[in-house]
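J.: Give me a model of this one.
(2 chains, ligands or ions: 1)
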Amino acid sequence: MASDDIWILGIAMTKFGKHSDKDIVDLGAEAVMAALTDAGISMREIGVLAAGNLMGGGGFGQMLQKQVGQTGIPVYNVTNACATGATALRTAIMAVRAGEVKFGLAVGAEKLAGAGLLGGGGSAKKDGNKWEPKGRFGSVAPTDGRIGTDTMPGTFAQVGMEYGHKYGGVSFELFARISEKNHAHSVLNPMAAYQKRFTLDEIMNDMMISYPNTRPMCSANCDGAAAAVVCSGETLKSLSPEQQRRAIKVTASVLTTDPYQEACQVLPDVNTLTRNAAKIAYEQAGVAPSDLDLVELHDCFATAELVHYDNLMLCPEGSAADFFDSGATWRTGSTPVNVSGGLQSKGHPIAATGIANVWEICHHLRNEAGSRQIVGAKVGLAHVIGLGSACGVHILERSGR
Amino acid sequence: MPTQIPHVSYLELGDRPHLVAHECVACGARFFDRRNACANCFGTEFRKAMVATEGVLRAFTIVAFAAPGVPVPFVAGIVDCAGTSVRANVINVDPTPEKVALGMKVRLTTYSLGVDDEGVEAVGFGFEPAP
Ligand SMILES: [Zn+2]
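T.: The predicted structure follows:
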C-alpha cells in the first residue's frame, strides 16, 4: 500500500427502517460505535469528525461526541442534501489526505420514518389579503402546483421522462421494471427497511404518486445511520495484519456540483454533474466502467436509476433502456446495480445514504455479504446525488491480501 | 389602479401575454429571477428578452400526490420555447398519459387566479396543446 492511499478501516450501518425508540444521536452513536469496533480503534485515536444530518436542528456532531466520547477534536457539521453522507466521508478523507489527522470519522444519521412527501408546499392566499408580489419571482401566490411541481417524485419523474424525450425507448412499464429489480434484490438484504418482492403488476397498479412513479418506485422514507473510519496507507502499515486484510482502498473520492446548463434553471440537471464526477472518479481510480463488479447508485426514484446508468457510463450514451433490458443490472447481470435493494426498498434516511452505499460495496469487497454476496467482487462504485445539486462518487477496491 | 396583476413578475400581461427573461448580454443565457452575475459566463450586464410563446413539451409528470392545498391531478412539465426552457403546468388537457405526450406542441395561455379585496385579478400562465 502506498503511503498516500486512503483506506476505509472500519464501516457500519444500522438497520434501516422505523426506529421509534431512538433519536438521531442514538442512531448515529450506534453506527459510530460499530464502525470503531470494525476498525479496531477508539474515539481516542480519531482526529476529526465529519457529521452529516439534514433534517435535524444542527450541532449533530457535538451531540454525538457527548454520546460516544468528547476529545476536543474538530467537528465539521455537514449538510449537502441527499449527498450529505458522501460529503461527510469526503471531508474526513480530505483531512487524512492533507496529513492533518491519522484517523478520520464520518457519520450520517437521519430520522425520516413517516415523513411523507418531500418538497413542495407553500401556503394558499389568506382571506382578506391583497395580491402582493413576494420572493425572487415576485409571485403573488404559491407557485408549486401552478407553475410546475416542487415535489421530489415529480421532479425526478421529469428527469426520467426528459431522458425518454431525448433518446426514446422509455415507458411506464420500463421504469416499473427497474423498481421490480430493486425490490427483488432487497429480499436478500436484512438491513433493508422493506424486504418485499413485488410483481410488475403490483408495482404498476399501486398508488400513483407522480406519473410514471408509483409508490413502490419512490425511495422509502425511514430512519437510519452509517459511519466510516478512514486512514492513510502510511497509518495502515502500522496496524495489525487483520486490520490490513479487511481494509478497503478508496481509489476515488469525488464531489461535484452542477455546472451551468441552459435548462438547469427550471429543472435540476442531475446528469452533467454525475457524468463529471464519474469521469474524474474513473480517472483517479484507473478503472473503466466495465471493471466494476457492482454499483450502488442513487435510485431515489425508478426514473432516476435509468438516467444514472448513462451518467455513470455503465452503457453507451443514450442506451440506458437497452442496457436495462439486457438484464445487465440484475444481480446476475454483468454490472449488478443496487443489490442492496436500493433506496426504493433499503430506504433513504438522507444523511446516512451516502455512507450506507459505501458500506454495501465494502461488505461485498470483504466477502462478508452472505446470501447476497456478489462472488469475487474486487471493485465497486457508490454514487449519490443531492438536489441543488451535489454528486458524490466513491470507487472502492479490495486490498487483495 | 391596475385591475390585473401577474402571478409572477416574469409574466407580462396585455394583449399578447408572454414571458420575459433577464438575458445575459455577453452569452445570451436567460434567467427568470435576478442575478448578480451570469451563472454561465459571469457577465454582469443583462437585458430583457421576450420568450417565445410556443414550444415543445420536453418532459412532464402527472402529479397525483402533492402538498396540502395543491389540487391534483395536474400536469407539470418543461417546455422548450425556441431554445429557452420554461417550467409550467400543461393546462386545458386531460391529465392522463393518453392525452399528454413527450414532444407535443404547446402554447402559452393565461387564466385567472382570483380577485383580491381591492378588485385586482391575479393572472397565471400555463401551456395548452397547440394545433
Ligand atoms: Zn452569460
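J.: Give the bridge partners for the residue nearest the centre of chain B, please.
T.: Within chain B, one residue has its C-alpha closest to the average C-alpha position: by C-alpha atoms, centre = their mean, that is residue B:88, at 4.6 Å. Beta bridges link residue B:88 to residue B:77 when assigned by DSSP bridges.
J.: wait, it sits on residue A:148?
T.: Yes - applying C-beta atoms under 8 Å, one finds residue B:88 in contact with residue A:148, separated by 6.1 Å. Every residue, glycine included, has its C-beta placed from N, CA and C.
J.: shared neighbours, these two?
T.: Common contacts of residue B:88 and residue A:148 (C-beta atoms under 8 Å, 6 or more residues apart in numbering or on different chains): B:76-78.
J.: export stretch A:13-24 as PDB, just CAs?
T.: Taking C-alpha atoms only, stretch A:13-24 is exported to PDB below (Å, rounded to 0.1, in the frame of the first residue of the first chain):
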ATOM      1  CA  MET A  13     -24.700   0.900   9.300                       C
ATOM      2  CA  THR A  14     -27.700   0.500  11.400                       C
ATOM      3  CA  LYS A  15     -30.600  -1.400  10.100                       C
ATOM      4  CA  PHE A  16     -32.700   1.000   8.000                       C
ATOM      5  CA  GLY A  17     -36.400   1.200   9.000                       C
ATOM      6  CA  LYS A  18     -38.500   2.600  11.700                       C
ATOM      7  CA  HIS A  19     -36.600   3.200  15.000                       C
ATOM      8  CA  SER A  20     -39.300   4.900  17.100                       C
ATOM      9  CA  ASP A  21     -37.300   4.400  20.300                       C
ATOM     10  CA  LYS A  22     -34.200   6.100  19.000                       C
ATOM     11  CA  ASP A  23     -33.300   9.700  18.100                       C
ATOM     12  CA  ILE A  24     -30.700  10.700  15.600                       C
END
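J.: Can you give the distance from it to the centre of its chain?
T.: Put simply, stretch A:13-24 sits 17 Å off its chain's centre (C-alpha atoms, centre = their mean, to the nearest Å).
J.: what residue ranges in chain A are flagged as low confidence?
T.: Segments of chain A classed as low confidence (criterion: pLDDT under 70) are A:121-128, A:400-401.
J.: That one: helices as residue ranges?
T.: Using DSSP state H, the helices of chain A run over residues A:24-39, A:60-68, A:84-97, A:152-167, A:172-186, A:200-204, A:233-237, A:241-246, A:272-285, A:302-311, A:320-325, A:342-345, A:350-365.
J.: Chain B against the ion: which residues are in contact?
T.: With C-beta under 5 Å from the ion as the criterion, chain B comes near the ion at residues B:24, B:26-27, B:29, B:38, B:40-41, B:43.
J.: Please disregard the earlier target; I meant chain A.
T.: Taking C-beta under 5 Å from the ion, no part of chain A reaches the ion.
J.: residues in contact with the closest residue to the ion within the stretch 301-401 of chain A?
T.: At 20.1 Å from the ion, residue A:389 is the closest residue in the stretch 301-401 of chain A, using C-beta to the ion. Residue A:389 makes contacts with A:81, A:257-258, A:268-270, A:273, as judged by C-beta under 8 Å, 6+ apart.
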